[in-house]
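J.: okay, sequence plus prediction incoming.
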Amino acid sequence: MSDDLTMVQADFPAYQIWQEESRGQPRFVARSRYWRLNPHTVVTPDLAELRDALDPAPGPGRDPVAPAQPNIARMYDYWLDGKDHFAADRAAADAVMEAFPEVAEVARANRQFLARAVRYVAQKGVGQFLDLGSGLPASPNVHETAWAVNPGARVVYVDHDPVVLAHARALLAVDDKVSVVAGDIRDHADLLADEALTARIDIAAPVCVLLVSVLHFLTPEEADAAVATCREWMAPGSYLVISAGTSTGTDPELIRRLREAYGGTAPVTGRTASEIRAWFEGLTLARPGLVDVWAWRPDTLRRHASPRVRFLAGVGRKVTGRPPWQP
Ligand SMILES: C[S@@+](CC[C@H](N)C(=O)[O-])C[C@H]1O[C@@H](n2cnc3c(N)ncnc32)[C@H](O)[C@@H]1O
């Protein structure tokens, strides 16, 4: 019985679920961690009924795929004013915004940084882009921005989330210049040697590797190892584009809320500014260096400064050579 309870708890992280006794009879209680999530509280005598109540079978008027668990990519899409999110995502995202309303603005500033960085690198003559942790398609996508500068640019989108992959394959113009690859950044060596990726990316030529708003979903050891492998893998003349939440200056309460919001589906690690700077070791940082995400070569004079929600961004160029990369 306790094994089953553990499984239901793992399947519905948006709920606190426990067993208790009432008038000598055991019962199960699920209470939403987020005030907007429906149902809010469920009490049942058995676990199967509890599972049904939290994850109802499709029926008239019900969304057949609405999940009970918030998802990183869909919450981000909600903050970007996208349309691919469900009640559980909105509830979790709103729970963060209750205390930190500026999070949505920082998410939009991050997406704008991504477009500026891609444009910058494309203008430097790089014609291939590897977007690791690409997220749900959000206009302008990397290939659209790159093509505005170089219509022949090739782009590989990588994510480990089946939800993202399904949307990306359905919505992106997947052709011989754009592909979507299932892969986990934590398996960096295998990922970079994957034939689906090397079929599009010429590893002997300069490439732009994007690790934008994803490294904070890895443990510090995983993130450091993944970045080091990418730096080594990139040919001279390549660019590394990174943005990540930082603990330097950020209110620790935000990091606590984000951990709660993602419900254990991923770690949320806020690295210090100097740890993020170390990801560019051996590369030449493009001006203005490692700065708040909105301040990297901004298109407008408007300041988005949020002293308690900080996201750092930088673009590094690999100048020195390397022997041919071995996985
Ligand atoms: C916040 S979104 C960022 C999307 C896009 N890079 C941007 O900045 O606009 C983070 C994405 O990283 C993906 N992700 C998280 N951990 C990952 C991992 N270990 N391997 C691959 N993708 C990962 C998530 O599924 C999600 O789609």
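T.: On my side now, so go ahead.
J.: starting at the chain centroid, how far to stretch 307-319?
T.: Stretch 307-319 has its C-alpha centroid displaced from the chain centroid by 16 Å (C-alpha atoms, centre = their mean, to the nearest Å).
J.: any idea of the mean pLDDT in that stretch?
T.: Mean pLDDT, stretch 307-319: 95.
J.: quick one: contacts for the residue of the stretch 51-200 of the chain found nearest the ligand?
T.: Of all residues in the stretch 51-200 of the chain, residue 135 sits closest to the ligand, at 2.6 Å by C-beta to the nearest ligand atom. In short, each C-beta sits where N, CA and C put it, glycine included. By C-beta atoms under 8 Å, 6 or more residues apart in numbering, the residues touching residue 135 are 73, 76-77, 159, 164, 213.
J.: what about stretch 300-313, near the ligand?
T.: No. Stretch 300-313 is not in contact with the ligand by C-beta under 6 Å from any ligand atom; minimum separation 9.8 Å.
J.: how about that stretch as PDB, C-alpha atoms only?
T.: Output of stretch 300-313 as PDB, limited to C-alpha atoms (Å, rounded to 0.1, in the frame of the first residue of the first chain):
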ATOM      1  CA  THR A 300      16.200  49.700 -26.800                       C
ATOM      2  CA  LEU A 301      17.400  52.000 -24.100                       C
ATOM      3  CA  ARG A 302      14.800  50.700 -21.700                       C
ATOM      4  CA  ARG A 303      16.200  49.200 -18.500                       C
ATOM      5  CA  HIS A 304      14.600  46.000 -17.300                       C
ATOM      6  CA  ALA A 305      16.600  46.100 -14.100                       C
ATOM      7  CA  SER A 306      15.100  43.800 -11.500                       C
ATOM      8  CA  PRO A 307      17.400  43.800  -8.500                       C
ATOM      9  CA  ARG A 308      16.100  40.500  -7.000                       C
ATOM     10  CA  VAL A 309      15.500  38.300 -10.100                       C
ATOM     11  CA  ARG A 310      18.800  38.100 -12.000                       C
ATOM     12  CA  PHE A 311      19.600  36.200 -15.200                       C
ATOM     13  CA  LEU A 312      23.100  36.500 -16.700                       C
ATOM     14  CA  ALA A 313      24.000  36.200 -20.300                       C
END
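J.: tell me the buried residues in that stretch?
T.: For stretch 300-313, a neighbour-count test (16 or more other C-beta atoms under 10 Å) marks 304, 306, 309-313 as buried.
J.: ranges for the helices of the stretch 151-300 of the chain?
T.: 162-171, 188-193, 195-198, 220-233, 252-261, 273-278 (DSSP state H, counting those that start in this stretch).
J.: and the longest one, how far out from the chain's middle?
T.: It refers to helix 220-233. For helix 220-233, the distance to the chain centre is 17 Å (C-alpha atoms, centre = their mean).
J.: I would like the residues contacting it, please.
T.: By C-beta under 8 Å, 6+ apart, the surrounding residues in contact with helix 220-233 are 132, 185-186, 188-189, 192, 203, 209, 211, 215-216, 218, 240, 242, 269, 271, 275, 278-279, 281-283, 318, 322, 325.
J.: do that helix and the ligand meet at all?
T.: No. Helix 220-233 lies apart from the ligand when judged by C-beta under 6 Å from any ligand atom; the minimum separation is 7.5 Å.
J.: with just CA atoms, put that helix into CSV.
T.: This file holds the C-alpha atoms of helix 220-233, laid out as CSV (Å, rounded to 0.1, in the frame of the first residue of the first chain):
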residue,chain,number,x,y,z
PRO,A,220,26.3,22.2,-10.8
GLU,A,221,28.4,19.1,-11.7
GLU,A,222,26.2,18.2,-14.7
ALA,A,223,26.2,21.8,-16.0
ASP,A,224,30.0,22.3,-15.6
ALA,A,225,30.7,19.0,-17.4
ALA,A,226,28.2,19.7,-20.2
VAL,A,227,29.7,23.2,-20.9
ALA,A,228,33.3,21.8,-20.8
THR,A,229,32.4,19.2,-23.3
CYS,A,230,30.7,21.7,-25.6
ARG,A,231,33.7,24.0,-25.4
GLU,A,232,36.1,21.2,-26.3
TRP,A,233,33.8,19.9,-29.1
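J.: want to throw the helices of the stretch 151-300 of the chain into a markdown table with mean neighbour count and mean pLDDT?
T.: Shown next, in a markdown table, are these (neighbours: other C-beta atoms under 10 Å; pLDDT from 0 to 100):
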| stretch | mean neighbour count | mean pLDDT |
| --- | --- | --- |
| helix 162-171 | 16 | 85 |
| helix 188-193 | 18 | 95 |
| helix 195-198 | 13 | 93 |
| helix 220-233 | 19 | 97 |
| helix 252-261 | 17 | 94 |
| helix 273-278 | 16 | 98 |
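J.: which stretch among the ones you listed comes nearest residue 9?
T.: helix 252-261 (14.7 Å; C-beta to C-beta).
J.: which elements pack onto that closest one?
T.: Packed against helix 252-261 by the contact rule (3 or more C-beta pairs under 8 Å, 6 or more residues apart in numbering; DSSP states H and E) you find helix 87-99.
J.: now whatever helix or strand comes next after the helix it packs on: how far from the chain's centre is it?
T.: Next helix or strand after helix 87-99 toward the C-terminus (DSSP states H and E): helix 103-123. In this view, helix 103-123 has its centroid 14 Å away from the chain centroid, taken as C-alpha atoms, centre = their mean.
J.: understood, closing this out.
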